[in-house]
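J.: Sequence first, predicted model second:
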Amino acid sequence: MRLGQYGCHLEPMSTAHASTIAKPSPFCDSREGMKKLEDALSSDDMMHAPLHEVERMIEAQGREVMRALMQAHFDLRSAQERSVEIRDVNGIEHGDVRRGCRKVETKFGEVEFERMVYTAPGTDGLAPLDAAMELPDEKYSYEVRRIVAEEAPRASFDEVVELIRKQSGADVPKRQVEELAVRAARDFDAFYRDRLCPPEETDHLLVLSFDAKGIATLHRDLREATRKAAEATPRRLETRLVQGEKPNRKRMAEVATVYTIEQWPRTIADVLHGVHDQHDKAARRPRPTNKRVWASIEHSPQQVIDDAFAEALRRDPERRRRWVVLVDGNKDQIARIKRAARNAGVEIRLVLDLVHVLEYLWRAAYAFHAAGSDEAEKWVEARLLALLNGRSAGEVAKSLRAMIKRHGLNASAAKPVNRAARYLVNNSQLLHYDRALAEGLPIATGVIEGACRYLVQDRMGRTGARWSAMGAEVILRLRALRASGDFDDYWSFHLAKEYERTHQSRYTDNVVPNPLPPRRPRLRLVK
């Protein structure tokens, strides 16, 4: 008995018959592995084993069968490769041919791939069969990269390493996981800039909103002003930061959202108590649609805001809809928004987030009443009712300052009250809630607050985490794709871009010669 090329057992044969018998199939190993798996499942041990042991055995041996199938497929491709004429992007002919072997880490495990490599003096070798299979430059397949892209935004890199090892046949060390995540997110900006986005056929409101969230960043990646402030603050302990040392350890990520929502005229009662279940369906709170959220620590706040207006313009290029921008009162942010609106040639309606107003009022309330008391709640509700009824912010601020004198608060106790008064006065032009309610405009930034929590805090705010600017940007992009429901479309776009960079760009006229035989025409049954 002897073994064939792929390890299958072959019966002895005469020389006369040897030339007429086909070569053994490259699937011999996988068939043998499948037979071993069947025998194991039929064994006495497995017939008396609990289900969890059977599952583990099938998973372990089944992965090896799938790896063998993948290896067989690579071997078939290699066997079918034919010689082609190769010219690189500079028009240089690659006339020297050698057989080269590379390893590819797939979801099922590592396989080896032998193919022709075309070379020329002073140039890099070209392997057109790599292009035919759309292989990446690095060892890891795009499906392995996709696992990283899907899991790294949810779990730490160490956890991703363990997850890949447990749930696939691949083995990816931590450093490579980080590198694959960076590569997976590299086409984020191009995807949103270049994708075809048909205008929305609706007259519903087009809403934009922005906020900023701090990310604990490595000292070298802090913005210059923050880094200088951190260096000017002496460290009292070597092992941890104490009170007063933490403010200058973060880099701000600008968070943005763009969405569509139906106008919803409502009353003060709707704001204070919500929509009751007995209201008919038409009166229920409309939900945001076509929502996109993202954040960036790499781009400047102005660029993120400009990108948001560009996204809105793709949805409403004729500027026919009503644009509403919800803000938190930050002067620099409002100035950037107005600048972006002028550049986009669009008229916007700025509305101050009601939740931020309430935060200032609650802090002021605790200057007069005990924290968490019914009296404090009634005090806040009274001021809120005044604003919702159309009372000017200046009048409410004046009444707050009068209360400081009436209650004889000292400078320290009066601080939150004065802050609330200043906040109201500074944003008085954005506080016409009575008009906003009548016109059906949103007055709270729940969408952007949720984006800050999901995109940034849930993943980036883990205790003890310190991020590089690049690492944080990668995770923010991948989380944004998921949150916006765009990951699958992005991944198709990313693979196309990878093919252009890795293969097409290396050949004359971006055309890669196909080293595989042409497809056989499919026969059609003619009745």
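T.: Cool, got the structure.
J.: Quick check: end-to-end length of stretch 87-100?
T.: Start-to-end span of stretch 87-100 (CA to CA, to the nearest Å) is 18 Å.
J.: What are the buried residues along that stretch?
T.: Neighbour counts over stretch 87-100 (16 or more other CB atoms under 10 Å) mark 87-88, 94, 100 as buried. Where you see a C-beta, it was placed from the backbone N, CA and C, and this is true even at glycine.
J.: can you put these in CSV and add secondary structure and pLDDT?
T.: Shown next, in CSV, are these (DSSP: H, G, I helix; E, B strand; the rest coil; pLDDT from 0 to 100):
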residue, secondary structure, pLDDT
87, strand, 94
88, strand, 95
94, coil, 95
100, strand, 94
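J.: What is the nearest of those residues to residue 358?
T.: residue 88 (64.2 Å; CB to CB).
J.: who's in contact with that closest one?
T.: Residue 88 is in contact with 94, 120, 123, 126, 506-508, counting by CB atoms under 8 Å, 6 or more residues apart in numbering.
J.: For beta bridges, what are the partners of it?
T.: residue 507 (DSSP bridges).
J.: Tell me where the longest helix sits in the chain.
T.: In the chain, assigned by DSSP state H, the helix with the most residues is helix 51-80.
J.: gap between that one and the chain center?
T.: Counting by CA atoms, centre = their mean, to the nearest Å, helix 51-80 is centred 32 Å from the centre of its parent chain.
J.: any idea of the mean pLDDT for that helix?
T.: Across helix 51-80, pLDDT averages out at 94.
J.: Go through it and flag the buried ones.
T.: Residues of helix 51-80 classed as buried: 57, 61-75, 77-78 (neighbour count, 16+ other CB under 10 Å).
J.: remind me which residues of this protein are low pLDDT?
T.: Applying pLDDT under 70 to the chain flags the ranges 1-23, 221, 223-248, 273-283, 523, 525-527.
J.: any chance you could map the strands in it?
T.: Using DSSP state E, the strands of the chain run over 2-3, 9-10, 96-106, 109-119, 205-216, 250-261, 289-296, 323-327, 348-352.
J.: Specify the angle between the fifth one and strand 289-296 in degrees.
T.: Okay, so that is strand 205-216. 30 degrees (axes from the mean of the first three to the mean of the last three CA atoms, to 10 degrees).
J.: residue boundaries of the helices in the stretch 301-450 of the chain?
T.: 301-315, 331-344, 354-365, 374-388, 393-407, 411-426, 433-438, 446-451 (DSSP state H, counting those that start in this stretch).
J.: Identify whichever of the ones you listed lies nearest to residue 135.
T.: Per CB to CB, nearest to residue 135 of those: helix 301-315, 32.9 Å.
J.: ok so, going back, turn the helices of the stretch 301-450 of the chain into JSON lines, including distance to residue 522 and mean neighbour count.
T.: Below are the helices of the stretch 301-450 of the chain laid out as JSON lines (distance: least, CB to CB, whole Å; neighbours: other CB atoms under 10 Å):
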{"stretch": "helix 301-315", "distance to residue 522": "40", "mean neighbour count": "20"}
{"stretch": "helix 331-344", "distance to residue 522": "51", "mean neighbour count": "16"}
{"stretch": "helix 354-365", "distance to residue 522": "61", "mean neighbour count": "20"}
{"stretch": "helix 374-388", "distance to residue 522": "69", "mean neighbour count": "16"}
{"stretch": "helix 393-407", "distance to residue 522": "73", "mean neighbour count": "16"}
{"stretch": "helix 411-426", "distance to residue 522": "71", "mean neighbour count": "17"}
{"stretch": "helix 433-438", "distance to residue 522": "62", "mean neighbour count": "17"}
{"stretch": "helix 446-451", "distance to residue 522": "49", "mean neighbour count": "19"}
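J.: out of those, nearest to residue 156?
T.: helix 446-451 (21.5 Å).
J.: Report the backbone C-alpha coordinates of the closest one in CSV.
T.: Coordinates of the C-alpha atoms in helix 446-451 are reproduced here as CSV (Å, rounded to 0.1, in the frame of the first residue of the first chain):
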residue,chain,number,x,y,z
GLY,A,446,-31.8,62.7,24.5
VAL,A,447,-30.3,61.4,21.2
ILE,A,448,-26.9,63.0,21.6
GLU,A,449,-26.8,62.2,25.4
GLY,A,450,-27.4,58.5,24.5
ALA,A,451,-24.7,58.8,21.8
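J.: Quick one: distance of it to the chain centre.
T.: 16 Å.
J.: and it, what does it pack onto?
T.: Where contact means 3 or more CB pairs under 8 Å, 6 or more residues apart in numbering; DSSP states H and E, helix 446-451 is packed against strand 205-216, strand 250-261, strand 289-296.
J.: Quick one: those strands as a markdown table, columns for mean neighbour count too.
T.: Putting the helices and strands packed on helix 446-451 into a markdown table (neighbours: other CB atoms under 10 Å) gives the following:
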| stretch | mean neighbour count |
| --- | --- |
| strand 205-216 | 23 |
| strand 250-261 | 23 |
| strand 289-296 | 21 |
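J.: got TSV for those, with distance to residue 143 too?
T.: Compiled in TSV, the helices and strands packed on helix 446-451 are given as follows (distance: least, CB to CB, whole Å):
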stretch	distance to residue 143
strand 205-216	30
strand 250-261	30
strand 289-296	25
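J.: right, and the ones you listed - which one's nearest residue 328?
T.: strand 205-216 (6.3 Å).
J.: In terms of secondary structure, what does the closest one contact?
T.: Short answer (3+ CB pairs under 8 Å, 6+ apart): strand 205-216 packs on strand 250-261, helix 301-315, strand 323-327, helix 331-344, helix 446-451.
J.: Determine which of those approaches residue 419 most closely.
T.: helix 331-344 (14.6 Å).
J.: What are the contacting residues of that closest one?
T.: With CB under 8 Å, 6+ apart as the test, helix 331-344 has contacts from 208, 210, 212, 301-302, 305-306, 308-310, 312-313, 323, 325, 327, 347-348, 350, 426.
J.: do that again at 7 Å, thanks
T.: By CB atoms under 7 Å, 6 or more residues apart in numbering, the surrounding residues in contact with helix 331-344 are 210, 301-302, 305-306, 309, 313, 325, 327, 348, 350.
J.: before we move on, what about stretch 409-423?
T.: Contacts for stretch 409-423 (CB under 7 Å, 6+ apart): 329, 360-361, 363-364, 367, 397, 400-401, 403-404.
J.: for the buried residues of stretch 87-100, which one is nearest residue 386?
T.: Among the buried residues of stretch 87-100, and counting by CB to CB, the member closest to residue 386 is residue 88, at 73.8 Å.
J.: just checking, what packs against the longest helix of the chain?
T.: Contact here means 3 or more CB pairs under 7 Å, 6 or more residues apart in numbering; DSSP states H and E; on that basis helix 51-80 packs against helix 28-42, strand 109-119.
J.: CA-only coordinates of the last one in PDB, if you can.
T.: Listed next in PDB are the C-alpha coordinates belonging to strand 109-119 (Å, rounded to 0.1, in the frame of the first residue of the first chain):
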ATOM      1  CA  GLY A 109      -7.100  27.900  11.300                       C
ATOM      2  CA  GLU A 110      -3.900  28.400   9.400                       C
ATOM      3  CA  VAL A 111      -3.400  27.200   5.900                       C
ATOM      4  CA  GLU A 112      -0.600  27.400   3.400                       C
ATOM      5  CA  PHE A 113      -0.900  28.800  -0.100                       C
ATOM      6  CA  GLU A 114       1.500  28.200  -2.900                       C
ATOM      7  CA  ARG A 115       1.300  30.400  -6.000                       C
ATOM      8  CA  MET A 116       3.500  32.100  -8.700                       C
ATOM      9  CA  VAL A 117       5.300  35.200  -7.800                       C
ATOM     10  CA  TYR A 118       6.500  37.500 -10.600                       C
ATOM     11  CA  THR A 119       9.600  39.600 -10.000                       C
END
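J.: Lovely, talk soon.
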